[in-house]
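Colleague: after the sequence you'll find the predicted model.
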Amino acid sequence: MSITDLIPWRRKEQSVPSRQAEEESIFALQRDMNRLFDDFFRSFGMMPWRGFEEPALAFSPQLDIVEDEDNIQVSAELPGMDRNDIDVSISNGTLTIRGEKQQEREDRGTNYFRRERTYGSFRRSVPLATEVDHDQAEATFKRGVLTVTLPKSAEAKKKRITIKAG
Amino acid sequence: MIKAQIQEVEKQEIESGGPERTRETVCFVPRMDIYERDGSIEVVADMPGVSEDAVDITLERDVLTIEGYVESEYPQRYGLTYAEYRVGDYQRRFTLPDQIDREEIDASMKDGVLRLHLPKAEPAAKKIAVKAG
């Protein structure tokens, strides 16, 4: 018996080797195998449960937001989408852009060499820091770019205070 | 893992090393689908922000170059608050195989998507029958 066994907390640690036991069990092997397969498929950009035909990447448009003294302008790149498939709404100070990019018709005789474009439904929400005039909001879709213009409400507009000469 | 996937969807900037560009904007590689259907090759490229008359498609020898130019969208007085994507031009090059009929290449542009139709030509190679001597 070494001197460390006499210290209570030290002895307890050695007598409960639960973690070690689990490492050697069949579950640990299974977990390692799962991890191996996941890593393997991930390196090809696909997951085993997805199916090989489906593109592995979800379609989610990226947003840019610009503002000046009167307006906030939110734009999103949505190439190839139909204007009618895009839904823009404002509620509780949050702008939501939703839609679905339809996958094009696929014939049996289609032989793909490259698939880099993505499809699917998306939803992006932007919390608006300043109050906007809902009724005056406008959205345009041109050349595959959606632009939402939100005029700031009268209260939110900056008031410039002129300094008088004393 | 999710982060890695999202990063992949981001626009890919063109690799430097080629000839220098005369325009000051950044240049991206457009994302494309390329497939074969009914004896022709179809190329579909996402180029959001490019108008119909701002696309240049040139074929020099066997190299097909696709270029799309984006005009700056925002008026000067606007300040950028939040940015996920950058605005820039697009460029991508391909070497065409011999079977493509150079004269019949067709292109259309709609809603930021360029479609190229590259029909295959009739096989030009002539089969020579070997006569019994």
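Modeller: Perfect, thanks for sending it. Numbers count the residues shown, from 1 in each chain, chains lettered A, B, ... in the order given.
Colleague: what segments of chain A are strands?
Modeller: In chain A, the strands defined using DSSP state E lie at A:63-67, A:71-77, A:86-91, A:94-101, A:111-115, A:120-127, A:138-142, A:145-151.
Colleague: for residue B:11, which of those is the nearest?
Modeller: Comparing the strands of chain A by their distance to residue B:11 (C-beta to C-beta), the top pick is strand A:71-77, with 8.4 Å. Heads up, the C-betas are built off the backbone N, CA and C, glycines and all.
Colleague: in chain A, where is pLDDT below threshold?
Modeller: A:1-27, A:39-58, A:105-108 (pLDDT under 70).
Colleague: might you name the residue of it sitting closest to chain B?
Modeller: Residue of chain A nearest chain B, by C-beta to the nearest C-beta: residue A:144 (1.9 Å).
Colleague: that residue contacts residue A:77, doesn't it?
Modeller: Yes. Residue A:144 is within contact range of residue A:77, at 6.6 Å (criterion: C-beta atoms under 8 Å).
Colleague: return every residue with contacts to both of the two.
Modeller: B:48, B:49, B:112 (C-beta atoms under 8 Å, 6 or more residues apart in numbering or on different chains).
Colleague: top of the residues you listed by number of neighbours, please.
Modeller: residue B:48 (28 neighbours; other C-beta atoms under 10 Å in any protein chain shown).
Colleague: residues contacting that residue?
Modeller: Here residue B:48 is in contact with A:77, A:78, A:79, A:143, A:144, A:145, B:112 (C-beta under 8 Å, 6+ apart).
Colleague: what's around the fifth one, how many residues?
Modeller: It stands for residue A:144. The local packing of residue A:144 (other C-beta under 10 Å) involves 22 other residues.
Colleague: so residue B:59 is in which element?
Modeller: For residue B:59, the host element (DSSP states H and E) is strand B:50-60.
Colleague: now for that strand, which elements pack on it?
Modeller: With contacts defined as 3 or more C-beta pairs under 8 Å, 6 or more residues apart in numbering or on different chains; DSSP states H and E, strand B:50-60 has these neighbours: strand B:63-70, strand B:106-110, strand B:113-119.
Colleague: report the buried residues of the first one.
Modeller: Read that as strand B:63-70. Judged by neighbour count using 16 or more other C-beta atoms under 10 Å in any protein chain shown, the buried positions of strand B:63-70 are B:64, B:66, B:67, B:68, B:69, B:70.
Colleague: likewise for stretch A:126-141?
Modeller: A:126, A:128, A:132, A:137, A:139, A:141.
Colleague: how about that stretch as CSV, C-alpha atoms only?
Modeller: What follows is stretch A:126-141, C-alpha atoms only, in CSV (Å, rounded to 0.1, in the frame of the first residue of the first chain):
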residue,chain,number,x,y,z
VAL,A,126,-33.2,40.3,-40.1
PRO,A,127,-34.0,42.1,-36.8
LEU,A,128,-34.3,45.8,-37.6
ALA,A,129,-32.6,48.1,-35.2
THR,A,130,-34.5,51.2,-36.3
GLU,A,131,-38.2,51.7,-36.7
VAL,A,132,-39.3,51.6,-40.3
ASP,A,133,-42.4,52.7,-42.1
HIS,A,134,-44.1,49.4,-43.0
ASP,A,135,-46.5,51.0,-45.6
GLN,A,136,-43.8,52.6,-47.6
ALA,A,137,-41.6,49.5,-47.8
GLU,A,138,-40.8,48.3,-51.3
ALA,A,139,-39.2,45.2,-52.8
THR,A,140,-37.8,44.8,-56.3
PHE,A,141,-36.3,41.7,-58.0
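Colleague: touching that stretch from outside, list them.
Modeller: Contacts for stretch A:126-141 (C-beta under 8 Å, 6+ apart): A:63, A:65, A:72, A:74, A:78, A:81, A:83, A:86, A:88, A:90, A:93-97, A:146-156, B:111.
Colleague: same deal with stretch B:57-76?
Modeller: Residues from elsewhere that reach stretch B:57-76, judged by C-beta under 8 Å, 6+ apart: A:66, A:68, A:73, A:75, A:145, A:147, B:23, B:25, B:30, B:45, B:47, B:49-51, B:54-56, B:80, B:87-96, B:102, B:105, B:107, B:114, B:116.
Colleague: and with 6 Å instead?
Modeller: A:66, B:47, B:49-50, B:54-56, B:87, B:89-96, B:107 (C-beta atoms under 6 Å, 6 or more residues apart in numbering or on different chains).
Colleague: please indicate which of those are buried?
Modeller: A:66, B:47, B:49, B:50, B:54, B:55, B:87, B:89, B:90, B:91, B:92, B:94.
Colleague: relative to residue A:31, which of these is nearest.
Modeller: Closest approach between the buried ones among the contacts of stretch B:57-76 and residue A:31, by C-beta to C-beta: residue B:92, at 42.7 Å.
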